[in-house]
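A.B. asks: Coordinates only, no sequence provided:
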């Protein structure tokens, strides 16, 4: 990382003016809030290491393979002195979460995944922000959107964008938690923003709301129990103990956010890319399960869902159909894929059929 900002050295007034401009430019680019943090994450490093040591990351090997670069920005990108942290709301309207969760025949997709892939949407705007900064003060930088070993919640907390809730997500008094985070690591010695105080108080609504008990203690999530992990990150069979608890959630889970009082203030996005696509805000399970691989890839191109692939998509829907007792066509849809080419999908289909009291066929003599 270069240090092309000598003209700013010691010029605190110019640095303060630049920081103010960065926030204005960020808002003009569609971000809802912009803050600036230093790189000192020593306070969170021991807790993160203990979480890893306990195995709570499950199969997410990327959580530890970079060592301490995740908690030491200057080790990940040498020369980093500050982090510009941004947030952008993603609620894009559509059918209400409660209505979908209350209908066993519908598929619940986490609200963040209903529109276009947020990585691309945020990254392009962060790049434009970084370029605009460069035009005024040439700097060494890297842009991140949930794609590298970055402690985004801890950095956003230091930048004054909110506080870490008991569900471990960032919370804002102005916007709840339904938003994305992104970062620019920069070598500019910008003035930093003050952290805000926490406002969860005695509330712990998110903890019992978790369907699988993944929030094992305030501020601690065991990913191995989390529905988002089970339906997105896990590459193999979903443990049977969790399948009935997943309900109709086929990609991610929002339950801990839906019960949070601060999400009374959640804002709908003004970014059209986050508008629900292909009716995923309330699609029927049977309809989705009958998609071919070709249809899945055509419709999910440009969606964050695309990365789990057709096999895991089918696995997840099979589990939801197993929980859809009494839903018309659920059994026939499962029967249609009893002999699916994927051994993993077949196993989940057979499990689902057993939930409907459909026996395994007798072995051929």
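C.D. replies: Good, I have the coordinates. None of the values given here were measured: they were computed from a predicted structure. Numbering: from 1, shown residues only.
A.B. asks: Point out where this structure drops to low pLDDT.
C.D. replies: Within the chain, the segments meeting pLDDT under 70 span 1-10, 361-365.
A.B. asks: Next, name the residue at the spatial heart of it.
C.D. replies: Nearest to the mean C-alpha position of the chain, counting by C-alpha atoms, centre = their mean, stands residue 112 at 7.0 Å.
A.B. asks: Give me the distance between the nearest residue to that residue once chain neighbours are set aside and residue 221.
C.D. replies: Closest residue in space to residue 112, ignoring its immediate chain neighbours: residue 90 at 5.2 Å, by C-beta to C-beta, 6 or more residues apart in numbering. The way it works is simple: take the backbone N, C-alpha and C, and place the C-beta from them, glycine included. Going from residue 90 to residue 221 by C-beta to C-beta, to the nearest Å gives 20 Å.
A.B. asks: Which one's more surrounded, those two?
C.D. replies: Legend: neighbour count by other C-beta atoms under 10 Å for residue 90 and residue 221, higher for residue 90 (24 against 21).
A.B. asks: these two touch, right, the more buried one and residue 179?
C.D. replies: Yes - counting by C-beta atoms under 8 Å, residue 179 is a contact partner of residue 90 at 6.2 Å.
A.B. asks: What segments of this protein are strands?
C.D. replies: Counting by DSSP state E, the segments of the chain that form strands are 33-37, 82-89, 108-109, 141-144, 163-164, 170-171, 179-186, 215-217, 220-221, 249-251.
A.B. asks: Now do the third one: distance to the chain's middle.
C.D. replies: Spelled out, it's strand 108-109. In terms of C-alpha atoms, centre = their mean, to the nearest Å, the centre of strand 108-109 is set 13 Å apart from its chain centre.
A.B. asks: Same question for the fifth one.
C.D. replies: Taking the mean C-alpha point of strand 163-164 and that of its whole chain, the gap between them comes to 16 Å (C-alpha atoms, centre = their mean).
A.B. asks: What of the fourth one?
C.D. replies: Centroid separation for strand 141-144 versus its chain: 19 Å, with C-alpha atoms, centre = their mean.
A.B. asks: Residues touching it, excluding its own?
C.D. replies: Contacts with strand 141-144, where a contact means C-beta atoms under 8 Å, 6 or more residues apart in numbering, come from 1, 77, 123, 126-127, 130, 133-134, 150, 152, 182-187.
A.B. asks: please redo it, this time with the cut-off set to 7 Å
C.D. replies: 77, 123, 126-127, 130, 150, 182-186 (C-beta atoms under 7 Å, 6 or more residues apart in numbering).
A.B. asks: likewise the fifth one?
C.D. replies: Contacts of strand 163-164 from elsewhere in the structure, counted by C-beta under 7 Å, 6+ apart, are 153, 157, 170-171, 196-199, 219.
A.B. asks: between the strands of the chain, which gets nearest to residue 354?
C.D. replies: With C-beta to C-beta as the criterion, residue 354 lies closest to strand 249-251 of the strands of the chain, at 19.2 Å.
A.B. asks: circling back to that earlier point, looking at the strands of the chain, which is nearest to residue 231?
C.D. replies: Comparing those by C-beta to C-beta, strand 249-251 comes nearest, at 5.6 Å.
A.B. asks: Name every strand pairing with the closest one and say which way it goes.
C.D. replies: Next to strand 249-251 in the sheet, as set by DSSP bridges, lie strand 108-109 (parallel).
A.B. asks: ok so, going back, which of the strands of the chain sits most buried?
C.D. replies: Highest mean neighbour count of these: strand 108-109, a mean of 28 (counted as mean count of other C-beta atoms under 10 Å).
A.B. asks: coming back round to it: enumerate every residue touching the residue nearest to residue 112.
C.D. replies: Residue 90 makes contact with 111-112, 118, 178-180, 269, 274 under the criterion C-beta under 7 Å, 6+ apart.
A.B. asks: Keep only those of these that are in helices.
C.D. replies: Taking DSSP state H, the ones among the contacts of residue 90 that sit in helices are residue 118.
A.B. asks: Tabulate the contacts of residue 90 in JSON lines, adding columns for distance to residue 21.
C.D. replies: As requested, the contacts of residue 90 are arranged in JSON lines below (distance: C-beta to C-beta, whole Å):
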{"residue": "111", "distance to residue 21": "32"}
{"residue": "112", "distance to residue 21": "29"}
{"residue": "118", "distance to residue 21": "25"}
{"residue": "178", "distance to residue 21": "28"}
{"residue": "179", "distance to residue 21": "22"}
{"residue": "180", "distance to residue 21": "23"}
{"residue": "269", "distance to residue 21": "24"}
{"residue": "274", "distance to residue 21": "27"}
